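S.K.: next come a sequence and a model predicted from it.
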Amino acid sequence: MHVNDPYAPQTPVEGVLHAFTRIGRRLKAKQPGDTIDHSAHLVLFVLRCNGALRLSDLAARMEIDASTASRHVRALEQAGLIQRSVDPDDGRAFRVELTEQGTAEWETAAKRRMELLTQAMEGWTDSDIETFEKLMTRFADGVTSIVDARGGDGKAWADKGWAAAAAAAAHQNTEKNVEKTR
């Protein structure tokens, strides 16, 4: 650690916190080619992982208040990235869901971020990447466990993660291919 610099991390744990801050700030920033900001991308991600949701459920999964979720929904609806539909369980309520354009926007933005991570690990061995993934997953599990024990519901939107989104994309592509063969 940098003992002579009073602003540099002084312990390994401070170094981890500093690294996460640096990474988080850059991953939240618009990347070249992005047309929406990070918070809007998160709305698309939650809808990609969960499908159509009521506004209150979207807000809960994102762990934000309903008025903030409503602002995001209005902006994304105006941009053509999400649409409202009647809730089949309650005709008085509505659900929001991705449009085809919204799905394409999310996939493109996710691809850019995956490319960024891939470039950042350029020169790493497969073993380095596997070790990093295991340690990051272990760390994320630890943080999640602590936060959930403090009163979280254990159902944070990001826990479904990329695997659920990839499965949804694969399912959607299968349906499109079936339609094309008819």
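M.R.: Great, that's in hand. Residues are numbered from 1 along each chain as shown.
S.K.: what's the longest strand in this structure?
M.R.: Assignment by DSSP state E gives strand 90-98 as the longest strand of the chain.
S.K.: what packs against that one?
M.R.: Of the remaining helices and strands, those touching strand 90-98 by 3 or more Cβ pairs under 8 Å, 6 or more residues apart in numbering; DSSP states H and E are helix 38-50, strand 53-54, helix 55-62, strand 82-87. Heads up, the C-betas are built off the backbone N, CA and C, glycines and all.
S.K.: switch the cut-off to 6 Å
M.R.: Applying 3 or more Cβ pairs under 6 Å, 6 or more residues apart in numbering; DSSP states H and E, one finds that strand 90-98 contacts strand 53-54, strand 82-87.
S.K.: of all the residues in the last one, which ones are buried?
M.R.: Yep, that's strand 82-87 we're talking about. Residues of strand 82-87 classed as buried: I82, Q83 (neighbour count, 16 or more other Cβ atoms under 10 Å).
S.K.: start the count at 715, not 1, going forward
M.R.: All set: I'll call the first residue 715, so the last point we hit is now strand 796-801.
S.K.: and that strand with helix 752-764, angle?
M.R.: Per axes from the mean of the first three to the mean of the last three Cα atoms, to 10 degrees, the angle that strand 796-801 makes with helix 752-764 is 40 degrees.
S.K.: and the contacts of strand 796-801?
M.R.: For strand 796-801, contacts defined as Cβ atoms under 6 Å, 6 or more residues apart in numbering pick out L790, A807, F808, R809, V810, L812, T813, G816.
S.K.: quickly note the distance from the closest residue to the last one other than its chain neighbours to P723.
M.R.: Beyond its immediate neighbours in the sequence, the residue positioned closest to G816 (Cβ to Cβ, 6 or more residues apart in numbering) is L795, lying 3.6 Å away. When Cβ to Cβ, to the nearest Å is applied, the distance between L795 and P723 equals 39 Å.
S.K.: more crowded one of those two?
M.R.: L795 (24 against 15; other Cβ atoms under 10 Å).
S.K.: distance of the more buried one from A722?
M.R.: 41 Å.
S.K.: so which of the helices and strands packed on strand 804-812 comes closest to H755?
M.R.: H755 sits nearest to strand 796-801 of all the helices and strands packed on strand 804-812, at 12.3 Å, using Cβ to Cβ.
S.K.: from the chain's centroid, how far away is the closest one?
M.R.: Chain-centre distance of strand 796-801: 21 Å, with Cα atoms, centre = their mean, to the nearest Å.
S.K.: which strands or helices does the biggest helix by length in the chain pack on?
M.R.: Ranked by residue count under DSSP state H, the longest helix found in the chain is helix 840-863. If contacts are counted by 3+ Cβ pairs under 6 Å, 6+ apart, helix 840-863 sits against no helix or strand.
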